[in-house]
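Visitor: return atomic coordinates for the entry below.
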Amino acid sequence: MQIINNKNDFLNYGGIYDTVSVERDPNGYIYTFENVILGKAIKDTNIVCLNGTYVVFSGVPHYFHFLKECLSVFLYVRRTIDKEAKYLWIDHDHFYFPLHQDMRAIHSSVFQMMSQFDGVRLKDIDLNGKTLLIEKLVVMWDSQMVIVNNKFPKHDYGRTPLLNAELREFFSEYAIDNHLLPKKIFLTRKIVSEELPKYPDHDNASQRWKKEQIRLRWNEPWVEDAIEDYFVSLGYSIFQLSGMSLKDQVQLFYNTNYVAGLLGTAFYNGIFSKSGTRFAAIRTNPSYWYNFEGDIKSVITADFNYVNIYEKQNYKQVQEVLARSAELF
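Guide: Model prediction:
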């Protein structure tokens with residue numbers, strides 16, 4: 001463990017603290033802030049003392065980041081650092097929820113499941129007139145800058161085997177055999193392409209980055225039609241996961257044998273699949289990449305393949321590219 005000599009530079013809400021230590025972990029770096037003061041109380045009655053260890057939590061507008069950066073870290077800290085750790089859930093009214101990432105129902109269902117744990121949930125605007133005195137505050141990542149600022153060190157969250165295992169166990173009650181669910185599923189991303197023109201422009205750097213990431217995954221409608229029609233011809237069922245409950249997503253992936261689709265966040269659900277499941281990720285832009293394969297293979301044995309369709313001339317040509325890789329599907 002290393003104690004960082006700093007000038008209280010890392011926290012939002014005017015946050016100050018005595019010390020911050022960083023510990024290298026098999027899943028990344030764990031930062032522990034001690035004796036933290038957040039917010040600005042107008043009067044003494046608005047000072048709240050939070051004793052013990054608290055883990056940053058928030059209903060961020062992205063499925064993958066919500067599960068990996070918030071829920072899995074909270075579960076992991078309770079298992080490895082402090083079994084009595086509590087959550088500090090901060091809601092941000094300014095978060096934008098596009099149609100393809102309207103996470104509010106997911107947030108509500110997870111919060112209900114967390115009723116077994118202790119913690120505090122508040123809105124960020126509450127900290128304008130309230131002060132939190134926190135004994136220990138734990139952060140691993142915070143790409144949404146819920147509580148840390150842009151001076152907080154950036155680390156790769158691509159290798160998190162134990163965090164993936166925490167999520168798989170937490171949702172294991174939903175991993176139930178159901179012979180009525182399809183064995184071949186295709187994960188559509190049409191809604192992303194359709195929603196991109198509606199995604200607002202933001203001055204915020206994080207939001208601009210998010211729109212750019214969506215742009216990298218955008219396709220002309222005929223491209224996605226060609227890809228989806230090909231997989232339908234192979235007996236795949238099309239699924240749009242946005243709007244689907246976590247329970248249904250876990251059950252869907254637990255019961256399927258084959259998963260295909262354009263590379264994207266939906267593949268992270270592969271951590272809920274059974275060993276032996278086969279995955280085929282279609283890449284239509286070389287600039288977009290995340291190692292969902294590594295996340296999945298950290299918890300199950302799986303066959304994961306890629307098909308690159310970077311040159312898209314017409315409907316027939318796209319399907320011909322897929323046909324040359326038919327053995328993967």
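Visitor: neighbours of the closest residue in space to residue 308 that isn't next to it in sequence, how many?
Guide: Once flanking residues are discounted, residue 308 sits nearest to residue 283: 4.9 Å by C-beta to C-beta, 6 or more residues apart in numbering. Where you see a C-beta, it was placed from the backbone N, CA and C, and this is true even at glycine. Residues near residue 283, counting by other C-beta atoms under 10 Å, number 16.
Visitor: can you pull the contacts of residue 283?
Guide: For residue 283, the contacting residues are 262-263, 289, 306-310, by C-beta atoms under 8 Å, 6 or more residues apart in numbering.
Visitor: can you tell me which of those are buried?
Guide: Buried by 16 or more other C-beta atoms under 10 Å: 262-263, 307, 309, out of the contacts of residue 283.
Visitor: hmm, who's touching stretch 80-89?
Guide: Residues outside stretch 80-89 that contact it (C-beta under 8 Å, 6+ apart) are 30, 50, 52-59, 74, 77-78, 111, 114, 117-122, 132, 134, 136-138, 147.
Visitor: could you give the average pLDDT over it?
Guide: Averaging the model's pLDDT scores along stretch 80-89 yields 96.
Visitor: quick check: buried residues in it?
Guide: Applying 16+ other C-beta under 10 Å to stretch 80-89 flags 81-82, 85-89 as buried.
Visitor: how about the CA coordinates for it, as PDB?
Guide: The C-alpha trace of stretch 80-89 is given here as PDB (Å, rounded to 0.1, in the frame of the first residue of the first chain):
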ATOM      1  CA  THR A  80     -12.000  -8.400   0.500                       C
ATOM      2  CA  ILE A  81     -11.600  -5.200   2.600                       C
ATOM      3  CA  ASP A  82     -14.500  -4.600   4.900                       C
ATOM      4  CA  LYS A  83     -17.400  -7.000   5.100                       C
ATOM      5  CA  GLU A  84     -19.500  -4.200   6.600                       C
ATOM      6  CA  ALA A  85     -18.700  -1.600   3.900                       C
ATOM      7  CA  LYS A  86     -21.700   0.600   2.900                       C
ATOM      8  CA  TYR A  87     -22.600   2.400  -0.300                       C
ATOM      9  CA  LEU A  88     -22.600   6.100  -1.000                       C
ATOM     10  CA  TRP A  89     -25.000   6.400  -3.900                       C
END
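Visitor: that stretch: how far from the chain's middle?
Guide: 19 Å (C-alpha atoms, centre = their mean, to the nearest Å).
Visitor: check stretch 60-76 too.
Guide: 5 Å.
Visitor: any idea how far apart the tips of that stretch sit?
Guide: Its first and final residues considered, stretch 60-76 spans 19 Å by C-alpha to C-alpha, to the nearest Å.
Visitor: and stretch 54-70, by the same measure?
Guide: Rule used - C-alpha to C-alpha; the end-to-end distance of stretch 54-70 is 12 Å.
Visitor: likewise stretch 17-35?
Guide: 5 Å.
Visitor: what are the boundaries of the helices in this structure?
Guide: Assigned by DSSP state H, the helices in the chain fall at 63-65, 72-80, 104-113, 161-170, 190-195, 205-216, 221-233, 246-255, 292-297, 315-323.
Visitor: the strands in the stretch 1-150 of the chain, which residues?
Guide: All strands of the stretch 1-150 of the chain, identified by DSSP state E, counting those that start in this stretch, fall at 2-4, 19-25, 28-39, 47-57, 86-91, 119-123, 131-139.
Visitor: give the contact list for the spatially most central residue of the chain.
Guide: The structure's the chain has its C-alpha centroid closest to residue 64; by C-alpha atoms, centre = their mean the separation is 1.6 Å. By C-beta under 8 Å, 6+ apart, the residues touching residue 64 are 265, 268.
Visitor: gap between it and residue 321?
Guide: From residue 64 across to residue 321, the span is 27 Å (C-beta to C-beta, to the nearest Å).
Visitor: do the same with residue 187
Guide: Taken as C-beta to C-beta, the span from residue 187 to residue 321 is 18 Å.
Visitor: please identify which of the two sits among more neighbours.
Guide: Between residue 187 and residue 321, counting by other C-beta under 10 Å, residue 187 is the more crowded of the two (26 against 19).
Visitor: close enough to count as contact, the more buried one and residue 241?
Guide: Yes. Using C-beta atoms under 8 Å as the test, residue 187 is close enough to residue 241 to be in contact (6.6 Å).
Visitor: identify the contacts common to these two.
Guide: With C-beta under 8 Å, 6+ apart as the test, residue 187 and residue 241 both reach residue 266.
Visitor: tell me the mean pLDDT over stretch 53-72?
Guide: Stretch 53-72 shows a mean pLDDT of 89.
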